[in-house]
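Enquirer: Test case, fold it:
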Amino acid sequence: MNLRIREMVAGDVPGAAMIESVTFDAPWSERLFAEDLVASGRHWFVAERDGELVGYAGGWLLQDDAHLMNIAVRADARGHGTGRALLSTLIVRLKESGARRMTLEVRPANTAAIALYESVGMRPAGLRPGYYAETGEDALIMWGELEDTYPEDRPPLILAIESSCDETAAAVIMGERTLLANIVASQIDFHARFGGVVPEIASRKHTEAIVDVIAEAMQEAGGALREAGDTRAPTAGEPLDFSALDAIAVTYGPGLVGALVVGLAYAKGLAFATGLPLVGVNHLEGHIFANVLADPAVQPPLVALLVSGGHTSLVHMPRWGEYRTMGETLDDATGEAFDKVAKVLGLGYPGGPVLSRLAADGDPTALDFPRAMMRSGDYQFSLSGLKTAVINHIRHEQAAGREIDVPDLAASFQAAVIDVQVSKAVRAVTETGATTFCLGGGVAANPALREALRSAIEPLGVHVSVPPLHLCTDNAAMIAAAGYHRYLNGDRLGLEADAMPGLRLDVVDPA
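Expert: Model (predicted):
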């Protein structure tokens, strides 16, 4: 998407009035727009996406006081930072023209707009009774000193926290893709002796690690900002100060409830202490945004295959922030099935990566394992039967005293998993008309799966995006990328929010 902000001209009036008419209950007419455009002290800007008018904003300057008169973004263009870009440009122009402060009115129920205004430093200053004549509704007055609250137009800084399973992670992002820090403390060594993640241990280890992980992320981000010459950078050797941040993003589900609570509690406490807005992110959404972070070509409509130790699902994203789960596993997740087969073979934990490395040297046609739900006609998955068939084969061969060719077994098992997932992914892309396909989750690191999806989907003319290996496993960089989009869209998580271990991706409102 190519977004351009420019001054409004007379030829833009019909387009602005059209957006106005479908946005507000008492819209401005074309005549009002045309008259105000040429009135003294007025400043108007429009947003163009790929040459098409998608939004506008206007302000009135009287001496050193500015008033936001009107701002709107077309519904299908929201969620990209268009409103913030318009508001930022208008504020800069008003400041250049001598404005020192700005006021505006907004409906108290319009939380998305309020969040946008707060993001540039505006604060509630009272109510204007009966302001909206068509409904008799009061208006919330917001006010801000422009020099103090909005010193310059610059990309927001967001701290992200991830603690949904067995990695304690923190990241700082500037704007959409500039990653300043990405710190991960893994607990794998603590859980390996038990052959899997122990929730109580995970929660305790998060508690022990989270302060140091966030401190390291802020230290690293401070150094990165200094190198970039950003005015928000701390002095040499000092960490980035929390006051320099624009928001805090945090994973609030799905995951292990005890693990989620640690990250969420820290994020809520930090938001309360600093007054920074809190943005809730779905962990699965984060895995999709790992692709967005690394690949600027990723755009909706897209289909994502999310495969990890806890999830296996196909998701359709027709627009930014809108999700429909097309199908998911009815039993075992992909990573879970890999780990269980590896455990029976004595490959340790986590055994999935070991199994996939062995598969590279094996024959995928050596053993004929079932392709469960390959022709089910839907997008559901089932891995329990395949896992059982493989384990039964292993035990049968062991009981008969025959040596198992582990690479052949690994390759045959892996092929049975991949064949089903590729088949359903191809059908999902074709049915939805998606122009992009994304792979996400820990199993996205599997080389055979990555190559099979590319080979099957790219010939359809669909862009295939797979995340770099360090963004496949759980991390906070992907949460920061998703949090950035939600922050610009005005999404906020209340301080009363609870961790949601069973949170579905289809639920897009964190409130």
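Enquirer: residues contacting Pro353?
Expert: Each residue near Pro353 by C-beta atoms under 8 Å, 6 or more residues apart in numbering is listed here: Ala445. (Each C-beta comes from the backbone N, C-alpha and C, glycine too.)
Enquirer: remind me, longest helix of the protein?
Expert: Identified as the longest helix of the chain according to DSSP state H is helix 199-228.
Enquirer: other SSEs contacting it?
Expert: Contacts defined by 3 or more C-beta pairs under 8 Å, 6 or more residues apart in numbering; DSSP states H and E place helix 199-228 against strand 157-162, strand 167-174, strand 178-186, helix 188-192, helix 257-274.
Enquirer: redo that, cut-off 6 Å
Expert: Helix 199-228 makes packing contacts with strand 167-174, strand 178-186, helix 257-274 when contacts are defined by 3 or more C-beta pairs under 6 Å, 6 or more residues apart in numbering; DSSP states H and E.
Enquirer: tell me the mean pLDDT for the second one?
Expert: Predicted confidence along strand 178-186 averages 95 (mean pLDDT).
Enquirer: Next, the angle from it to helix 199-228.
Expert: Relative orientation of strand 178-186 and helix 199-228, computed by axes from the mean of the first three to the mean of the last three C-alpha atoms, to 10 degrees: 150 degrees.
Enquirer: buried residues in the longest helix of the chain?
Expert: For helix 199-228, a neighbour-count test (16 or more other C-beta atoms under 10 Å) marks 201-207, 209-210, 213-214, 217-226 as buried.
Enquirer: what's the distance between stretch 160-177 and the middle of its chain?
Expert: Centroid displacement of stretch 160-177 relative to its chain, using C-alpha atoms, centre = their mean, to the nearest Å, is 11 Å.
Enquirer: Same question for stretch 475-495.
Expert: On C-alpha atoms, centre = their mean, the centre of stretch 475-495 falls 6 Å from that of its chain.
Enquirer: Buried residues, stretch 95-104. List them.
Expert: By 16+ other C-beta under 10 Å, the buried positions in stretch 95-104 come out as 95, 99, 101-102, 104.
Enquirer: do stretch 343-356 as well
Expert: Judged by neighbour count (16+ other C-beta under 10 Å), stretch 343-356 contains these buried residues: 343, 345, 347, 349-356.
Enquirer: Render the CA-only coordinates of it in PDB, please.
Expert: Below are the C-alpha coordinates for stretch 343-356, written out as PDB (Å, rounded to 0.1, in the frame of the first residue of the first chain):
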ATOM      1  CA  LYS A 343      10.200 -39.300  22.200                       C
ATOM      2  CA  VAL A 344       9.300 -43.000  21.400                       C
ATOM      3  CA  LEU A 345      12.500 -43.100  19.300                       C
ATOM      4  CA  GLY A 346      14.500 -41.800  22.200                       C
ATOM      5  CA  LEU A 347      15.500 -38.600  20.500                       C
ATOM      6  CA  GLY A 348      15.000 -36.400  23.500                       C
ATOM      7  CA  TYR A 349      13.000 -33.100  23.900                       C
ATOM      8  CA  PRO A 350      12.300 -31.200  21.900                       C
ATOM      9  CA  GLY A 351      12.500 -34.000  19.400                       C
ATOM     10  CA  GLY A 352      10.700 -32.400  16.400                       C
ATOM     11  CA  PRO A 353      13.800 -30.600  15.100                       C
ATOM     12  CA  VAL A 354      15.900 -33.700  15.500                       C
ATOM     13  CA  LEU A 355      13.300 -35.800  13.600                       C
ATOM     14  CA  SER A 356      13.200 -33.300  10.700                       C
END
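Enquirer: Just checking, which helix or strand of this structure averages the lowest pLDDT?
Expert: helix 146-149 (a mean of 63; mean pLDDT, DSSP states H and E).
Enquirer: circling back to that earlier point, reformat the buried residues of stretch 343-356 as a markdown table; add distance to Gly335, pLDDT and secondary structure.
Expert: A markdown table is the format used below for the buried residues of stretch 343-356 (distance: C-beta to C-beta, whole Å; pLDDT from 0 to 100; DSSP: H, G, I helix; E, B strand; the rest coil):
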| residue | distance to Gly335 | pLDDT | secondary structure |
| --- | --- | --- | --- |
| Lys343 | 12 | 91 | helix |
| Leu345 | 16 | 92 | coil |
| Leu347 | 14 | 90 | coil |
| Tyr349 | 11 | 84 | coil |
| Pro350 | 8 | 85 | coil |
| Gly351 | 10 | 85 | coil |
| Gly352 | 5 | 86 | helix |
| Pro353 | 10 | 90 | helix |
| Val354 | 13 | 93 | helix |
| Leu355 | 11 | 94 | helix |
| Ser356 | 11 | 92 | helix |
